[in-house]
Structure formats: C-alpha cells, structure tokens
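Participant: okay, here's the prediction I keep looking at, along with the sequence it came from:
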Amino acid sequence: MWSLIQIELYKIFRRPRTYIAFGAIAALIVVIQLGLKIDGDTYAAFLMKDINDTLTVDGKVLNGYLICYILLQLLLVHVPLLVALIAADMISGEANLGTLRLLFSTPFSRTQWVLAKFIAASVYTILLLIWLAFLALFVSMWVFGTDDLFLMKSNYVVLIEQNDVLWRYVGAFVFASFSLLTVTSLGFLMSSMANNSIGPIVGTMSAIVFFTILSTLNIPLFTVIKPYLFTTHMNNWKEFFDIQVNDSNEAIHGSVLNIPKIKNSLIVLTLHIILFVSASIIIIKKKDILS
Amino acid sequence: MSVIKVQHISKHFGSLKAVDDLSFEVQAGQVFGFLGQNGSGKSTTIRMLLSLIHPSSGSIEIFGQSIEKNRAAILEQVGAIIERPDLYPYLSAKEHLHLFAKVRRQKIPITAIEETLEKVGLANRANDKVQTFSLGMKQRLGIAIALVHNPSLIILDEPTNGLDPQGIADIRELIKKLAIEEGKTVFVSSHLLSEIEQVANQILIIHHGKKMVEGVTKELLDPQKRIVQIKTMNDAGTLQVIVAGSFSNYLLPRKEGIFLKIPTYEIPLLNESLIKAGVSLLGIETKNSLEDYFLQITSNA
C-alpha cells in the first residue's frame, strides 16, 4: 500500500498542473500583503471608523495575526476550488488518459488503488494548506510584526492577547484541513463516476457553490437540512477566535466560546469524508474499465 | 498444462453482446494468436482476462485459479498491454518502468529495468519524457512495462499498432524469443493476420464475439495448398481456359477476380498452361493464406 501511495504522490508532483494552486495562493497572498503594507493604515482606519468614538485601541492593529485572519477569510472560500482541480482529476484523469487500465491490471486491488489515490490527494491538500499557513501566517508575522489580535465581529469586538493567538491558528488550520479533505473526498467521488476530468472538476465546484448557497439562505425549508450540509460547517474554523469572557466582561485566556460547535462540525465533516470515499470505492469496484 | 482456461464467457453491454459464449484454452509455452476484426470482442475478452471487465457469465481460470478469487496472485505473474499504449506524458520511459516495478511483490533490480529498455530498443531514450515519443515508441514502452517483472504469461493486445516495418519485425522476433528461449506463454491479439501467422502456433478467430474457428496454425493454413489470384488482361477468356483445363476444381467463387486454391506444386503447371493458351498474364499472385482464410470465415458468418 505504501508503494502505491508513493507512486500516486510521485505522479501528482511531477505534473505541472499541481503547482498552479501553489502559485495562485502565493500570488494572491503576496498581492494582498503588498497592498496592506503600502496602504494598510487607511484600511485599518476604515475598519475602526465605527468604534473610534467609543473605543481607543493601543498598539498595532494591523499586525501579522490580523493580516492572517483577513487572508484566511478571503482564501479559505476559494482554496476548495483549487483542491478540486487535483482531487476531481485523480481517477477520471487516469480514465481519460487510458492509464487506469494499467493500474487496475496490477496485483493490487481497486480498493487499494482508490485509497492510495485518496491519501495522495489528501497529502496534496494538506501541503497546500501548509503552504497557505506559511505565507498567510508566518510571512505576515515577519512582514507586519505581532501584537494583540483585534477582530470586529458583526455586533461585538474580540481582543485576544498576542500570546494567546498562535495556538488558535494551529487549531484553525487543523479544522480547515478537515474542511478541505471533505472537498477532496467529494472531488474524488465525482471523479470515480466519470471518464474525463472536466465533468468532475466542474461538478465539484458546482456542488460547493450550490450547497454554500443553501447553507447561507435563511429559508425555513433549508434550515432543516443545513446542519447536515458540509458547507455549513466548513467555515467554523472562525470559532477558534471567539473567546469566553468572565463576569467582568474580560477575555478568559486560552478559552474558546463554543467548543461543542467545533466538535460537531468536525464530526459532520468526517462523516462526509467517510461517506464520499466509501461511495467512490463501491463505484470503482463495480465499474467496467472500458477506457 | 492450461495457463488460460476460459469457459463459456459472455459479456453484455445493455443489448449489445460483445462476447458470446466464448471458450478456449491456452497451453503453457504456446504463442496463442487471438484474431478478429476491429469490434469483434478481442479487447473485451482480454479485459475480462485481466479482471478489468466483469463477465456477464462464464468463468476464467489462469494458472489453474479463478481470476475472480485469486486476482492478485494471478496478476503477479501476468504482463499485459491493452489496446493503445496510453502512458503518462510527463514521465520518462525509465520513470514508467520504476513505477510499475514498484507494484510487484518481488523487488525488481535497476539492471532489470535497463535490460528491459534495451530489449525493446528504448535504452537511448530512457530519460526522455513520453510526450516526445512517437506512437511506435510508446508501444515499445508499453511492451517494456508488460515485461519488466519477468511474467510467465504475457498478454499483448495489438502489440504492433503504430510500429514501422522494422518495429513490427522486432516485436515479432521478441515474441518468438520470449516463447522459445524464455519459455513464456504469449497471448497475442491482432487484426494484422500476417503477424499472427508468423508467430502463433495456435490461433482462434472470433467474429461478433463468437468463436469462429480454433486450431493449430499449421493445420488451419494447410501449407500444401496456396490461394492464388490470376491477374490478366482478359478475365473471361482466362476463365474459359481454366475451366477447359484440369484446374477447374481449384476455382474459388470470388467476384473480385480469379482465385484458385491450388496445391503448391501445381502453380508452375498452371502458369505454363495459361501461357500456352495465349493468355496475356499480368501476374499470378500468391495470397496471404491466413488472411484469405480469415476473410472466408468472417464473410460467411
């Protein structure tokens, strides 16, 4: 099995297409960081304009931690689309190329091949996330420095001490990896049903867009199914940045406001991953390889 | 000993019967020629042998074991190319062999990879990406992938597709060598009948998924008799000469010309009698007997 994973990883990282996502993320982050470096003060003033009369914030608001938060808000919506480029191509791409029959006529079972491909696609996804974390967090910390994290929520503000921030990002990235692995497994499922890459890639992207719209609509009919949709839970990495307060309304160091919500989201996402991968295995096992 | 034993396999795709109640056996050390026109069910049969397609009915045994139940153990000893040589364009020939060597239980040494590339004539292009290869070179690499783990059974589906005449001759020699010198069993399919004729000692012809004929190549071809086409300026006059002479029993009913199935030793006599009768001969052409046989079988089906 290990040799199959090695083969799949080797193939992924020998393809030029693989690096498009890494390049796209780097380009986006650098552009945003550059813009904020040049004209960050205007942006910070704009953010603070509603609370300037009632609150005085000392220190550096536009620090590396806030930049990372802004970047994650922007990018974690779009990274799934980049993940779909590779994940949705893993099986259908080989079927299209005609190489699937080479793989499936080796002594390893189709289940082993599918699992190896999923693990390899997952490794790619995690590496993409690590790359995103490196650029968004560490480069931002290096370029903009660090200070307390000041976040403007819809009807309240959150202030997290700088020595209480880094572990929250670790938690947020671990959570995001579950979100992206759900997208990987969805792409994989689509991939197992087709003999060319375009359909599964577009299908995965469409499914994400479709379910995201359902997750955000506040129509009673959809409210019933919302808790079961993976898109409802994908953005709950933000929960790591909601903090508990004591009776004096002071932030409790190291606390998270709604841990059960995070746990519930992780369970729903994990169940989706298991469901999508199992369905892929069943489809592939029954499939006649005609390509 | 049977290396492949196929019993009453059929495969349906909806209402289409791609393979219909096909049975055959391949003995160890044989070069087994599997013949049929395009769309006759050859590739579907080969895909069923490799468990890429599930048969609708029937059973397949390879090395005495059911392919359904002992797939992994069987495929460990099988090397195959199936139809087109589809490969990874962004990998080199050597990388392909390294990857496919990894999916075998036994460790395949680097020297084996180099020897295999040498065997198929790709040693000098080992590090070039497949996207720069011609169709013939891809076909050679496909054969190299089938051979790299030294399998006992080699299944080659249209192995000479895309090859130039020298390439075809090389593959023919390679197949003979694999069978004679290395004792491999080779199952080779083709629609290029002359190729099969030259390498196979047993042939099976299928048409519309059904077995038309099976037997030892030499017996089927009947080397004592040849099919010849007589090309003249005046076919009607020539026919009269043949009917009046002692060759009328050898005439074959063909619309496209004058054909005779005639003992080889009588061909010079035929030639002599036609010239004596004043026929303006353009030529007496010996036809590829298996091709003719094949056309005869399939056109009557």
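Facilitator: Sure, I can see it.

Participant: for the stretch 151-291 of chain A, which residues are neighbours of chain B?
Facilitator: A:Lys286, A:Asp288, A:Ile289, A:Leu290 (Cβ under 8 Å from any Cβ of the partner chain). To be clear about C-beta, it is placed using only N, CA and C from the backbone, and glycine gets the same treatment.

Participant: ok, now the stretch 1-150 of chain A?
Facilitator: Residues of the stretch 1-150 of chain A lying near chain B (Cβ under 8 Å from any Cβ): A:3-4, A:6-7, A:10-11, A:14-16, A:97-99, A:101-109.

Participant: could you flag which of these are buried?
Facilitator: Neighbour counting with 16 or more other Cβ atoms under 10 Å in any protein chain shown marks A:4, A:7, A:10-11, A:15, A:97-99, A:101-108 as buried within the residues of the stretch 1-150 of chain A next to chain B.

Participant: and of the residues you listed, the nearest to B:Gly162?
Facilitator: A:Gly98 (13.9 Å; Cβ to Cβ).

Participant: now the helices for the stretch 101-250 of chain A?
Facilitator: For the stretch 101-250 of chain A, helices defined by DSSP state H, counting those that start in this stretch occupy the ranges A:110-133, A:140-144, A:166-192, A:198-216, A:220-225, A:230-233.

Participant: how about these in TSV, adding mean pLDDT?
Facilitator: Listed next are the helices of the stretch 101-250 of chain A as TSV, based on pLDDT from 0 to 100:
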stretch	mean pLDDT
helix A:110-133	93
helix A:140-144	89
helix A:166-192	93
helix A:198-216	88
helix A:220-225	82
helix A:230-233	89
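
Participant: nearest to A:Thr42, of those helices?
Facilitator: The minimum distance between A:Thr42 and these falls on helix A:140-144, with 15.0 Å, by Cβ to Cβ.

Participant: now do the buried residues in the closest one.
Facilitator: Those would be A:Ser140, A:Met141, A:Phe144, for helix A:140-144 by 16+ other Cβ under 10 Å.

Participant: ok now do the first one, which residues does it touch?
Facilitator: Contact criterion Cβ atoms under 8 Å, 6 or more residues apart in numbering or on different chains gives A:Gln33, A:Gly64, A:Tyr65, A:Ile67, A:Cys68, A:Leu71 as the residues in contact with A:Ser140.

Participant: repeat the analysis, applying 6 Å as the threshold.
Facilitator: A:Ser140 makes contact with A:Gly64, A:Ile67, A:Cys68, according to Cβ atoms under 6 Å, 6 or more residues apart in numbering or on different chains.

Participant: ok, the last one touching A:Leu135?
Facilitator: No - taking Cβ atoms under 6 Å as the contact criterion, A:Cys68 and A:Leu135 are not neighbours in contact, 9.3 Å apart.

Participant: who has more neighbours, those two?
Facilitator: A:Cys68 (25 against 20; other Cβ atoms under 10 Å in any protein chain shown).

Participant: mind listing the helices for chain B?
Facilitator: Here chain B has its helices, by DSSP state H, at B:42-49, B:71-75, B:93-102, B:110-119, B:135-147, B:165-180, B:193-199, B:217-221, B:235-244, B:267-276, B:289-300.

Participant: including mean neighbour count, could those helices go into a markdown table?
Facilitator: Output for the helices of chain B, formatted as a markdown table (neighbours: other Cβ atoms under 10 Å in any protein chain shown):
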| stretch | mean neighbour count |
| --- | --- |
| helix B:42-49 | 24 |
| helix B:71-75 | 18 |
| helix B:93-102 | 21 |
| helix B:110-119 | 16 |
| helix B:135-147 | 23 |
| helix B:165-180 | 17 |
| helix B:193-199 | 20 |
| helix B:217-221 | 15 |
| helix B:235-244 | 14 |
| helix B:267-276 | 14 |
| helix B:289-300 | 16 |
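
Participant: and those helices, which one is worst for confidence?
Facilitator: Note on these: helix B:289-300 shows the lowest mean pLDDT, a mean of 61.

Participant: need the residues that contact stretch B:162-177.
Facilitator: For stretch B:162-177, contacts defined as Cβ under 6 Å, 6+ apart pick out B:Leu135, B:Gly136, B:Gln139, B:Pro159, B:Thr160, B:Val186, B:Gln198, B:Val199.

Participant: so what's the residue count around A:Ile259?
Facilitator: 12.

Participant: and the one 5 residues further on, by the same measure?
Facilitator: The local packing of A:Asn264 (other Cβ under 10 Å) involves 14 other residues.

Participant: on that earlier part again, any idea which of the contacts of A:Ser140 is closest to chain B?
Facilitator: A:Cys68 (34.4 Å; Cβ to the nearest Cβ).

Participant: on that earlier part again, in strands, which of the contacts of A:Ser140 fall?
Facilitator: Using DSSP state E, no member of the contacts of A:Ser140 falls within strands.

Participant: run a quick neighbour tally on A:Trp131.
Facilitator: 15.

Participant: list the contacts of residue 65.
Facilitator: Answering for chain A, as no chain was given. For A:Tyr65, the contact set (Cβ under 6 Å, 6+ apart) comprises A:Leu149, A:Val165.

Participant: my question was about chain B, not that one.
Facilitator: Contacts of B:Gln65 (Cβ under 6 Å, 6+ apart): B:Ile74.

Participant: can you do 10 Å?
Facilitator: B:Gln65 is in contact with B:Arg71, B:Ala73, B:Ile74, counting by Cβ atoms under 10 Å, 6 or more residues apart in numbering or on different chains.

Participant: bridging residues for it?
Facilitator: With DSSP bridges applied, B:Gln65 shows beta-bridge pairing to B:Ile62.

Participant: what residues does the stretch 151-300 of chain B put near chain A?
Facilitator: Neighbours of chain A within the stretch 151-300 of chain B, by Cβ under 10 Å from any Cβ of the partner chain: B:Ile155.

Participant: let's see 8 Å
Facilitator: Within the stretch 151-300 of chain B, no position is near chain A by Cβ under 8 Å from any Cβ.

Participant: okay, the helices of chain B in a markdown table with distance to A:Asp41 next?
Facilitator: Below are the helices of chain B laid out as a markdown table (distance: least, Cβ to Cβ, whole Å):
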| stretch | distance to A:Asp41 |
| --- | --- |
| helix B:42-49 | 67 |
| helix B:71-75 | 65 |
| helix B:93-102 | 52 |
| helix B:110-119 | 61 |
| helix B:135-147 | 60 |
| helix B:165-180 | 70 |
| helix B:193-199 | 78 |
| helix B:217-221 | 88 |
| helix B:235-244 | 99 |
| helix B:267-276 | 101 |
| helix B:289-300 | 83 |
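
Participant: not counting sequence-adjacent ones, nearest residue to whichever residue of the stretch 1-150 of chain A sits closest to chain B?
Facilitator: Closest to chain B within the stretch 1-150 of chain A is A:Gly98: 2.7 Å, counting by Cβ to the nearest Cβ. Spatial nearest neighbour of A:Gly98, chain neighbours left out: B:Asp86 (2.7 Å); criterion: Cβ to Cβ, 6 or more residues apart in numbering or on different chains.

Participant: if anything else comes up later, I'll come back, but that's it for now.
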